[in-house]
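> Predicted coordinates and the sequence they were generated for:
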Amino acid sequence: MKKLIVFLFNFCILFVFGKPIDQEKKQLFQKAGFEMTLAPEKASEVLDYLEKNFTLNSEEQQKLDYLRIRSSFFQNNLTDALKKISSSDENLSPDIIVLKQSILYYLRIYYDSEVINASHDKDILFSKEVMAFLNKLNQSRPVDKKQELSDILAKAQSCNLMIARESLLYLMGFLADHDKDLTDSFFLTNIYNLYKNDLQFKIVYANYLINNNKLETAEQMISELPKESLEQTTNLNLKYSYYNIMAKLYAKTQAHDNYRETVEKKDVLLKALNQTRFSAKNKWFNILEDNFKTEQESLLKNRRKILFSIVGISTLIIILIVIRFLQINSQVNEYQNFILKINLLKEKKAPQQQAISEKTENILLKKLDDFENTEDYIKTDISLQSLAKKLETNTKYLSETINTHKHKNFNAYINELRINYIINKLKDKPIYRSYKIRYLAEESGFSTHSAFTAVFKTVTGMSPANYIQLLKQKEE
């Protein structure tokens, strides 16, 4: 009874004055942020509660959208995250643009846009600088490393740390893995101090210490980590980072049993992360393709409107001149007949397209399976039209079936079959590993070396040369 009275009292205050509601919203946003890294699923529940029970202004809705994307990303639900960032940058807030750039970097996709290049927003500019520097390091391009790190560190002191988090985390992770002589210690230590309460930064810094044989300090830092929570977290990247440093520590301290057990867990996680990353990467390219088609259709539609307007206005002017100067009834009637014809044309309905039946679809799927067991897809002249003719169907049915059941468009479907074909050749016939990339491209049906390399990297995540080198290393 007492709890009920307190609840009703608080409700009255919230209803009449409003300010406690704002305070509660603020606390819920803080809670979502607090839970985000270690328990992103709880953060998502808090955000659901916020959206369902409170009226949010535009700024609060923007913040909620940003946190939702981070929650999906941390839970390895990359498809949802990509859907939310797929809009044009003109329609996204600066914090989501920065997060978008970080998520695509995680998928190994370099992202830039006119909005980013033209922006004067402090957070976007800082993230752009960090990611540009990180890409230089990944590509082993010459840089004044100490000076650039000093500049980034100085700007980090006054930036929005939540928005800059992923950019700085990726940079810190790269340096932790590659700095073997403590050259970058000044940067890593200062960034770690900025995010001292963030578990992921703590783990990255512990990794840096282990790589540089500072085992006593690393062990002390690891002992303070919430082991049980890290074992159960739905943030798979965080869990993987934890297993990674534990495996390294066990290897350094020769704790062989613990090492083997941890490596097994780490490998299972890595496989899951890579599979999700690969699927998400393909999903992103499909989104880009769909967006491009939508933009082209919109542009064509606008051009048609302009053309129709010009034609309409021109026709009207001509008709008015004819009526004014000639004033002949026959011409007036002709004009009226012309207008009538136009209206009749407008009223005609386009014939409805018949949807593909289930029986036809099943027959077509069987034919596609048979087609995949041939090597016809490596023919350079294969097209949607030629394959439709070969399978005794039409291009609409074939395209719809491939999109629905193969989850990709026709070109992506054929290209993936070609890449899988050449991968099998490389695996089964070692002689293929000594062939030039141009020959492999021609062998698998690609018209150019560059197109083959681009598609191969999209499907496998690595270049043909790197893949061949990996096969050779495995055999050795």
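Yep, it's here.
> what are the phi and psi values for the residue lying farthest from the centre of the chain?
No residue in the chain has its C-alpha farther from the mean C-alpha position than Ile328, which lies at 66.4 Å (C-alpha atoms, centre = their mean). Backbone dihedrals for Ile328, given as degrees, to the nearest 10, come out at phi -110, psi 130.
> quick one: the spatially most central residue of the chain and Ser279, what's the gap?
Geometric centre of the chain, nearest residue: Leu82, 4.3 Å, by C-alpha atoms, centre = their mean. Applying C-beta to C-beta, to the nearest Å, one obtains 10 Å for the distance of Leu82 from Ser279. Yep, even glycine has a C-beta here, placed from its N, CA and C like the rest.
> same thing with Asp22?
Counting by C-beta to C-beta, the gap from Asp22 to Ser279 is 41 Å.
> just checking, next helix/strand downstream of the helix or strand Leu230 falls within?
Secondary structure here is read from DSSP states H and E; on that basis Leu230 sits in helix 227-232. For helix 227-232, the following helix or strand on the C-terminal side (DSSP H and E) is helix 236-252.
> which helices and strands does the very next helix or strand once past that next one pack with?
Following helix 236-252 in sequence order, the next helix or strand is helix 256-326 (DSSP H and E). Contacts defined by 3 or more C-beta pairs under 8 Å, 6 or more residues apart in numbering; DSSP states H and E place helix 256-326 against helix 78-85, helix 236-252, helix 329-347, helix 410-428, helix 449-460.
> go with 6 Å
helix 78-85, helix 236-252 (3 or more C-beta pairs under 6 Å, 6 or more residues apart in numbering; DSSP states H and E).
> out of those helices, deepest packed?
helix 236-252 (a mean of 21; mean count of other C-beta atoms under 10 Å).
> tilt between that helix and helix 256-326?
150 degrees (axes from the mean of the first three to the mean of the last three C-alpha atoms, to 10 degrees).
> returning to that earlier point: can you tell me which of the helices and strands packed on helix 256-326 is nearest to Ser93?
helix 78-85 (11.0 Å; C-beta to C-beta).
> who touches the closest one?
Residues outside helix 78-85 that contact it (C-beta atoms under 6 Å, 6 or more residues apart in numbering) are 69, 72-73, 100, 103, 276, 280, 283-284.
> could the residues you listed go into a markdown table alongside pLDDT, neighbour count and distance to Val115?
Shown next, in a markdown table, are those (pLDDT from 0 to 100; neighbours: other C-beta atoms under 10 Å; distance: C-beta to C-beta, whole Å):
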| residue | pLDDT | neighbour count | distance to Val115 |
| --- | --- | --- | --- |
| Ile69 | 94 | 21 | 17 |
| Ser72 | 93 | 21 | 22 |
| Phe73 | 92 | 25 | 21 |
| Lys100 | 89 | 23 | 10 |
| Ile103 | 92 | 24 | 16 |
| Thr276 | 91 | 16 | 28 |
| Ala280 | 89 | 22 | 22 |
| Lys283 | 88 | 18 | 22 |
| Trp284 | 90 | 20 | 18 |
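> Helix, strand or coil: sort out Thr393 for me.
Following DSSP: H, G, I helix; E, B strand; the rest coil, the label given to Thr393 is coil.
> remind me which residues of the stretch 101-250 of the chain are low pLDDT?
Across the stretch 101-250 of the chain, nothing is flagged by pLDDT under 70.
> Show me which positions of the helix holding Leu230 end up buried.
Leu230 (16 or more other C-beta atoms under 10 Å).
> swap in stretch 373-387?
377-378, 382, 384, 387.
> among the residues you listed, which two are most distant?
Among the buried residues of stretch 373-387, Ile378 and Leu384 lie farthest apart (C-beta to C-beta), at 16.3 Å.
> related to what we said a few turns ago, CSV please, covering the helices and strands packed on helix 256-326 and showing distance to Ser93.
As requested, the helices and strands packed on helix 256-326 are exported to CSV (distance: least, C-beta to C-beta, whole Å):
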stretch, distance to Ser93
helix 78-85, 11
helix 236-252, 24
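> gap between the closest residue to His256 other than its chain neighbours and Val204?
Take His256 and drop its neighbours on the chain: the residue closest to it by C-beta to C-beta, 6 or more residues apart in numbering is Tyr250, 7.6 Å away. Shown here: Tyr250 relative to Val204, a distance of 18 Å by C-beta to C-beta.
> which residues sit in contact with the residue farthest from the centre of the chain?
Ile328 touches nothing, counting by C-beta under 6 Å, 6+ apart.
> quick one: pLDDT of it?
Looking at Ile328, its pLDDT stands at 85.
> distance of it from Leu50?
Counting by C-beta to C-beta, the gap from Ile328 to Leu50 is 72 Å.
> re the thing from before, can you put the buried residues of stretch 373-387 in a markdown table and add secondary structure and distance to Tyr170?
Formatted as a markdown table, those follow (DSSP: H, G, I helix; E, B strand; the rest coil; distance: C-beta to C-beta, whole Å):
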| residue | secondary structure | distance to Tyr170 |
| --- | --- | --- |
| Tyr377 | helix | 38 |
| Ile378 | helix | 38 |
| Ile382 | coil | 40 |
| Leu384 | helix | 40 |
| Leu387 | helix | 42 |
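> for those, which one is nearest Glu114?
Closest to Glu114, out of all of those and judged by C-beta to C-beta, is Leu384, at 32.6 Å.
> all helices for the stretch 101-250 of the chain, in order.
Using DSSP state H, counting those that start in this stretch, the helices found in the stretch 101-250 of the chain span residues 114-118, 122-138, 145-156, 161-178, 185-194, 199-211, 215-223, 227-232, 236-252.
> Show me which positions of the first one end up buried.
Spelled out, it's helix 114-118. In helix 114-118, counting by 16+ other C-beta under 10 Å, buried: 115-116.
> mind starting the numbering at 295 from now?
Taking 295 as the first residue, the last one we looked at is helix 408-412.
> C-alpha coordinates for that helix, CSV please?
Only the C-alpha atoms of helix 408-412 are listed here, as CSV (Å, rounded to 0.1, in the frame of the first residue of the first chain):
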residue,chain,number,x,y,z
GLU,A,408,30.8,14.8,-49.8
VAL,A,409,29.1,15.5,-46.5
ILE,A,410,32.1,14.3,-44.6
ASN,A,411,34.5,16.3,-46.8
ALA,A,412,32.4,19.5,-46.7
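> and it, how far out from the chain's middle?
Centroid displacement of helix 408-412 relative to its chain, using C-alpha atoms, centre = their mean, to the nearest Å, is 19 Å.
> What of the second one?
For helix 416-432, the distance from its own C-alpha centre to the chain's C-alpha centre is 18 Å (C-alpha atoms, centre = their mean).
> The spatially closest residue to Thr695 that is not a sequence neighbour: which element?
Excluding the flanking residues, the one nearest Thr695 by C-beta to C-beta, 6+ apart is Leu658, at 5.0 Å. Under the criterion of DSSP H and E, Leu658 resides in helix 652-666.
> burial measure for His414, as a count.
Burial of His414 is recorded as 6 neighbouring residues (other C-beta atoms under 10 Å).
> picking that back up, which stretch among the helices and strands packed on helix 550-620 comes nearest Tyr733?
With C-beta to C-beta, the closest approach to Tyr733 among the helices and strands packed on helix 550-620 belongs to helix 372-379: 35.4 Å.
> relative to helix 550-620, how tilted is the closest one?
Using the same axes, to 10 degrees: helix 372-379 against helix 550-620 is 30 degrees.
> about what we covered before: out of the helices of the stretch 395-544 of the chain, which is the most enclosed?
helix 493-505 (a mean of 23).
> and it, how far out from the chain's middle?
26 Å.
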